[in-house]
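J.: need coordinates for the below:
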Amino acid sequence: MSIVKDIPCAKSGNWKVEEFEVPENSIENIRAMMKPGCRAVKPGKYKRLTRNGCVIMSNTPAEMADFNRFIWKATGNVLINGLGLGCVIESVLKIKPITNVTVIEISQDVINLVAPYFTDPRVKIVHADAFKWEPPRGVRYNAVWHDIWDDICGGNLPEMTKLHRKYGRRTDWQDSWAKGLCKRYAA
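T.: All right, here's what the predicted structure looks like:
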């Protein structure tokens with residue numbers, strides 16, 4: 001499945017969408033295959049979202065696999081905390097019977113770069129902080145996905161716990177990006 005191919009390379013504030021290529025036999029892939037926990041990336045052209053030159057996310061197959069569990073659980077009305085490149089939105093709309101997708105994104109620059117390419121009327125992108133935003137009274141989500149962290153580390157667990165508590169009574173199922181890995185790193 002080709003994800004986010006239509007989002008153009010552009011810059012807004014300190015955020016940038018750019019294309020990059022992973023060549024055959026790249027040294028990064030060779031190193032990744034030798035390290036436990038590291039993932040090799042299939043050669044090809046991809047997009048990445050950067051902030052101040054640091055990669056926040058990409059649309060590589062390895063990153064797409066990170067939200068597969070959410071895709072299989074998602075149905076009906078879903079909430080996604082974190083817009084990124086919109087890969088989760090695009091995937092869930094292609095695969096599942098979704099009635100509404102609400103996305104909470106704290107960065108107006110990310111919204112400027114990505115949101116214009118999601119014109120499906122089922123998608124609503126809200127400029128807000130996931131920790132402060134309150135869902136409309138009486139709204140319940142079939143699934144919630146939290147993906148607001150720049151990297152994988154044990155230090156993310158307190159924020160994950162806070163979000164899970166906040167949305168726990170409002171959803172049938174929820175999870176956070178790389179929560180299992182964060183738990184391993186914290187141990």
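
J.: tell me the pLDDT at residue 120?
T.: Here the pLDDT value assigned to residue 120 is 95.

J.: try residue 60
T.: In the predicted model, residue 60 carries a pLDDT score of 88.

J.: what residues does it make contact with?
T.: Neighbour list for residue 60: 22, 41-42, 46 [criterion: C-beta atoms under 8 Å, 6 or more residues apart in numbering]. In short, each C-beta sits where N, CA and C put it, glycine included.

J.: just confirm residue 46 is within a strand.
T.: Yes - residue state for residue 46 (DSSP: H, G, I helix; E, B strand; the rest coil) corresponds to a strand.

J.: tell me which other helices or strands the lengthiest helix in the chain touches.
T.: For the chain, the helix that runs over the most residues, judged by DSSP state H, is helix 157-167. The criterion is 3 or more C-beta pairs under 8 Å, 6 or more residues apart in numbering; DSSP states H and E, and the helices and strands that helix 157-167 contacts are strand 143-146, strand 174-176, helix 179-186.

J.: where among the ones you listed is the average confidence lowest?
T.: Note on the helices and strands packed on helix 157-167: helix 179-186 shows the lowest mean pLDDT, a mean of 86.

J.: quick one: buried residues of that helix?
T.: Residues of helix 179-186 classed as buried by neighbour count (16 or more other C-beta atoms under 10 Å): 179, 182.

J.: hang on, the earlier thing: output the helices and strands packed on helix 157-167 as a markdown table; include the columns distance to residue 60.
T.: Putting the helices and strands packed on helix 157-167 into a markdown table (distance: least, C-beta to C-beta, whole Å) gives the following:
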| stretch | distance to residue 60 |
| --- | --- |
| strand 143-146 | 18 |
| strand 174-176 | 20 |
| helix 179-186 | 16 |
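
J.: hmm, which two among the contacts of residue 60 are most spread apart?
T.: Using C-beta to C-beta, the pair of the contacts of residue 60 lying farthest apart is 42 and 46, separated by 9.3 Å.

J.: gap between the spatially most central residue of the chain and residue 177?
T.: For the chain, the residue sitting closest to the mean C-alpha position, by C-alpha atoms, centre = their mean, is residue 147 at 4.9 Å. Counting by C-beta to C-beta, to the nearest Å, the gap between residue 147 and residue 177 amounts to 4 Å.

J.: nice, that's everything, thank you.
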